[in-house]
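# Pasting the sequence and the predicted coordinates here, then a few questions.
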Amino acid sequence: MEKILYLTQVEPGGELSSFALEVLSGAGRLARDLGCELAVGLVGAKADVQAAADSVAGCGAAAFLAVTGDEFAVSRHATDAAAFEALARNAEATIVLAPGTSRAARAMPGVAERLNGRIDSHITGTAITDGRPEVERWFYRQRMMGRLTRSQRPWLWLVDSGVFDAWEGEAGGATLEALDVPLPELRTRVVGVESPAAEEQTIRPDAELLFVAGAGWTKKQADGSTHVKEAETIIHDFLETTGASLGSSKSLVDQAGEGQEVISFMSHMNQVGQTGSTPRHPKGLATCCHGEEPHVVGWRFIKERRAVNLDPGCGWAQGKADVLYVADAFEVMRRVNELLKQG
Amino acid sequence: MSSGYHIVVCGSLVPDPLQVLEPVEGPDGPALENEMMIPAVLDPWAAHALYEAAHLAARTEGSRVWLVSIGPRARLQQLMMSIAQKVPFELVAADGPASGFTDARETAAALADLIESIDGLDRSRALIFGGRSSASRDAGVTMGMVGERLGVTDQFLAVDKLTVEDDGRLQIMERIEGGRYLVSVCQGPPLVCAWSTGELPEPPNNPQVGMQNMRTIMPALQKAKPVQLDAEGLSYVTVEIPKGKRDTRIERNMGAEDIAREIVEWVRG
């Protein structure tokens, strides 16, 4: 009989993120389908963890376990791994599900080693066949999909966002069992989180639209000159009006290292594709980007795709976009901005 | 630090991203069609780790850089031809699969064994580098397991910047959700850094560096021991390429005004 443990860190204020609630929903479904027990394991500051447990009291968990304390509230491998390990051992879990956050992704591989378990990450689907759990994940950076199963236990799953609907249910009073976990040696001090000012933040994971700018924005235009400042203005205005998230091709962000004039608010953080991110937005609009495979693998989870490019034979035309507009992106996006401002 | 860092970079080959990949069922499970013939590159995030390692070593006297690779010997040799001229390093190699379908845990165990076998490696000065995930398995868990096997519990994932402070402590910036960085300070080595893109461009080829590297690369390849990466207990049910090719509407003659109106309607829709 399997024993399912759902693990997550708690946000300051006692909230569980939408992503965390999605994976809770998946863990609950797995436990129901397998006819086994679910336990919830939470890590964070003491007051926050109780609030979080209460908020999901109706999730059907047989136990709520917690590791609390100020040192466990911050994102650090040594403390996160110690906390997750203690929770998994205490729950005697055979399958552990956690949202694939940066924090869990860093700590869980080490936990798998400590438990002599196995781990799979970037899980994008689950199934049960003949009573045997299976997971789906992509290989070769979203180029092929595999479904696999394992006989070893414990089996740790890092689940991607967007796989399950977020859990919704009754809050209540959860009885929390706090585990006493000795602090490991702390050689790392967490300084804090550095983020651009809100108006400068161009990466917006919850945006409806991903706007991707390719290297074409900084190349010579029909008049034989580059117009990088104008490109910057057009892109900035579009992002401001639509609230879209900004993505980039590798070639554009690499230009900074090559000494070329670049879009000032663009960095490697914006890069989408093989060596960048794989964001999840309902819509994506690519401009001045050729749609080569190393970039487009990052679009795997973008549902509706449109592109503006001067080359009718570009990658987007090869079945990678729903619509390709063969046109000058400067001209089109300038007009798009005008129309958006007209309301 | 007067005695310098001992930087170990884990990284191997992956198919050139422009190649078409087709999964096939091999004798030991899924594989790529014509896998041994597909042109390969150094795994991109591991390549960034290597460039960062070399940059740090060049600024810190007494440092050494090792590249630890597991892959088919002949293919590793081809790969070395393309990267040996980039930055100085010493190769430590094992002859084994570099497939995306090998289990990360087995790969991590073999990498940890290789690292432990390095002559002259001072673990107290060790910075264990690698990519945040490979372009083949894309698990993002291998470096964490390597670190755990080596007993290194200061680990950092998706690193873009490592700065040596005046007192020798190391400040590390990791990418986290929402385009932000988590900033931490570690007392010093040993630590594990799984790199994102870092801040350095790909170095140009330097023939002198290539000649210097090849003196250690060829013997390392000759000495490369075979490793068997079993995946006991792991069963693939299916591996397939998604059939999601879109029926692209290509608008060649639509004016900018009409395109703009259609895009605005779509964005608002």
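Structure received.

# Which strands or helices does the longest strand belonging to chain B pack on?
When chain B is parsed with DSSP state E, its longest strand is strand B:155-164. In terms of contacts (3 or more CB pairs under 8 Å, 6 or more residues apart in numbering or on different chains; DSSP states H and E), strand B:155-164 is packed against helix A:102-114, helix B:44-59, helix B:142-149, strand B:170-176, strand B:180-186, strand B:191-195. Quick note: C-beta positions are derived from backbone N, CA and C, even for glycine.

# So which residues make contact with the fifth one?
Yep, that's strand B:180-186 we're talking about. Contact partners of strand B:180-186, identified using CB atoms under 8 Å, 6 or more residues apart in numbering or on different chains, comprise A:75-76, A:102, A:187-195, B:154, B:156, B:160-161, B:165, B:169-176.

# Turn the helices and strands packed on strand B:155-164 into a markdown table, including distance to residue A:244, mean pLDDT and mean neighbour count.
Formatted as a markdown table, the helices and strands packed on strand B:155-164 follow (distance: least, CB to CB, whole Å; pLDDT from 0 to 100; neighbours: other CB atoms under 10 Å in any protein chain shown):
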| stretch | distance to residue A:244 | mean pLDDT | mean neighbour count |
| --- | --- | --- | --- |
| helix A:102-114 | 23 | 98 | 26 |
| helix B:44-59 | 26 | 97 | 23 |
| helix B:142-149 | 33 | 98 | 27 |
| strand B:170-176 | 20 | 97 | 21 |
| strand B:180-186 | 18 | 97 | 20 |
| strand B:191-195 | 28 | 98 | 28 |
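
# Make CSV out of those and add distance to residue B:24.
Listed next are these as CSV, based on distance: least, CB to CB, whole Å:
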stretch, distance to residue B:24
helix A:102-114, 29
helix B:44-59, 24
helix B:142-149, 24
strand B:170-176, 35
strand B:180-186, 41
strand B:191-195, 30
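
# Chain A: helices as residue ranges?
For chain A, applying DSSP state H gives helices covering A:18-34, A:46-55, A:70-73, A:77-91, A:102-114, A:228-242, A:250-254, A:293-296, A:329-342.

# Give me the mean pLDDT for the second one.
Mean pLDDT, helix A:46-55: 96.

# ok, now which ones touch the residue lying closest to residue B:11 once chain neighbours are set aside?
Excluding its sequence neighbours, the residue lying closest to residue B:11 (CB to CB, 6 or more residues apart in numbering or on different chains) is residue B:46, at 2.7 Å. For residue B:46, the contacting residues are B:9-12, B:130-131, B:134, B:195, by CB under 8 Å, 6+ apart.

# per-residue pLDDT, the spatially most central residue of chain A?
The centroid of chain A falls nearest to residue A:161 when counting by CA atoms, centre = their mean (5.8 Å). With respect to pLDDT, residue A:161 scores 91.

# Now do the same contact list for the residue nearest to it when sequence neighbours are not counted.
Counting by CB to CB, 6+ apart, residue A:19 is the residue found nearest to residue A:161 once chain neighbours are left out, at 4.7 Å. Contacts for residue A:19 (CB under 8 Å, 6+ apart) come out as A:99, A:101, A:161.

# Surely residue B:257 forms part of a helix?
Yes. Secondary structure of residue B:257 (DSSP: H, G, I helix; E, B strand; the rest coil): part of a helix.

# Might you report the residue contacts of residue A:113?
B:105, B:108, B:144-145, B:148-149.

# Over to residue A:154?
A:88, A:93-96, A:112, A:115, A:117-118 are the contacts of residue A:154 under CB under 8 Å, 6+ apart.

# Could you dump the residues you listed into a markdown table with distance to residue B:258 added?
Formatted as a markdown table, those follow (distance: CB to CB, whole Å):
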| residue | distance to residue B:258 |
| --- | --- |
| A:88 | 58 |
| A:93 | 57 |
| A:94 | 58 |
| A:95 | 53 |
| A:96 | 53 |
| A:112 | 54 |
| A:115 | 59 |
| A:117 | 57 |
| A:118 | 54 |
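
# Go through stretch B:60-75 and flag the buried ones.
Buried residues in stretch B:60-75, counted by 16 or more other CB atoms under 10 Å in any protein chain shown: B:63-72, B:75.

# Kindly check the end-to-end length of it for me.
32 Å (CA to CA, to the nearest Å).

# Which residues outside stretch A:303-320 are in contact with it?
So stretch A:303-320 is contacted by A:216, A:282-293, A:295-296, A:299, A:321-329, A:332-333, B:245-248, B:250, B:252, B:259, B:263, B:266 (CB under 8 Å, 6+ apart).

# Hey, what's the angle from the helix or strand containing residue B:218 to helix B:44-59? Just curious.
Using DSSP states H and E, residue B:218 sits in helix B:207-223. Using axes from the mean of the first three to the mean of the last three CA atoms, to 10 degrees, the inter-axis angle of helix B:207-223 relative to helix B:44-59 is 120 degrees.

# Mind listing residues that contact helix B:207-223?
B:73, B:76-77, B:80, B:84-93.

# so where's chain A uncertain?
A:198-199, A:256-259 (pLDDT under 70).

# So which of the contacts of residue A:154 reach chain B?
Filtering those for proximity to chain B by CB under 8 Å from any CB of the partner chain leaves A:112, A:118.

# Pick out whichever of the contacts of residue A:154 sits closest to residue A:28.
Closest to residue A:28 out of those is residue A:95 (12.6 Å), distances taken as CB to CB.

# I'd say the closest one and residue A:33 touch.
No. Counting by CB atoms under 8 Å, residue A:95 does not reach residue A:33; the two are 11.7 Å apart.

# who's more crowded, these two?
residue A:95 (23 against 13; other CB atoms under 10 Å in any protein chain shown).

# gap between that one and residue A:128?
Counting by CB to CB, to the nearest Å, the gap between residue A:95 and residue A:128 amounts to 11 Å.

# do the same with residue A:309
For residue A:309, the distance to residue A:128 - CB to CB - is 44 Å.

# So between those two, which is more surrounded?
More neighbours surround residue A:309 than the other of residue A:309 and residue A:128, with 25 against 13 (other CB under 10 Å).

# before we move on, back to that, which members of the contacts of residue A:113 additionally contact chain A?
B:105, B:108, B:144-145, B:148-149.

# Make TSV from those residues and add distance to residue A:243 to it.
Listed next are the ones next to chain A among the contacts of residue A:113 as TSV, based on distance: CB to CB, whole Å:
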residue	distance to residue A:243
B:105	42
B:108	41
B:144	35
B:145	39
B:148	41
B:149	45
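
# ok, of these, which one's closest to residue A:220?
Distance to residue A:220 across these (CB to CB) is lowest for residue B:144, with 45.1 Å.

# my read: that closest one touches residue A:114, true?
No. Using CB under 8 Å, residue B:144 is not in contact with residue A:114; the gap is 10.9 Å.

# hmm, back to that, chain A: which of the contacts of residue A:113 is nearest?
Distance to chain A across the contacts of residue A:113 (CB to the nearest CB) is lowest for residue B:144, with 3.0 Å.

# That closest one and residue B:155: what is the separation?
Plainly put, residue B:144 is 6 Å away from residue B:155 if you go by CB to CB.

# Give the intersection of the neighbour lists for those two.
Contact with both residue B:144 and residue B:155 is made by residues A:106, A:110, B:192, B:194, according to CB under 8 Å, 6+ apart.

# Pick out the most distant pair among these.
A:110 and B:194 (11.9 Å).

# Spit out the residues that contact those two alike.
Taking CB under 8 Å, 6+ apart as the criterion, residue A:110 and residue B:194 both touch B:144, B:155.

# Touching, residue A:190 and residue A:77? I think so.
No. If you go by CB under 8 Å, residue A:190 and residue A:77 don't touch, sitting 10.5 Å apart.

# Which one's more surrounded, the two?
Neighbours were counted for residue A:190 and for residue A:77 using other CB under 10 Å; residue A:77 has more, 27 against 16.
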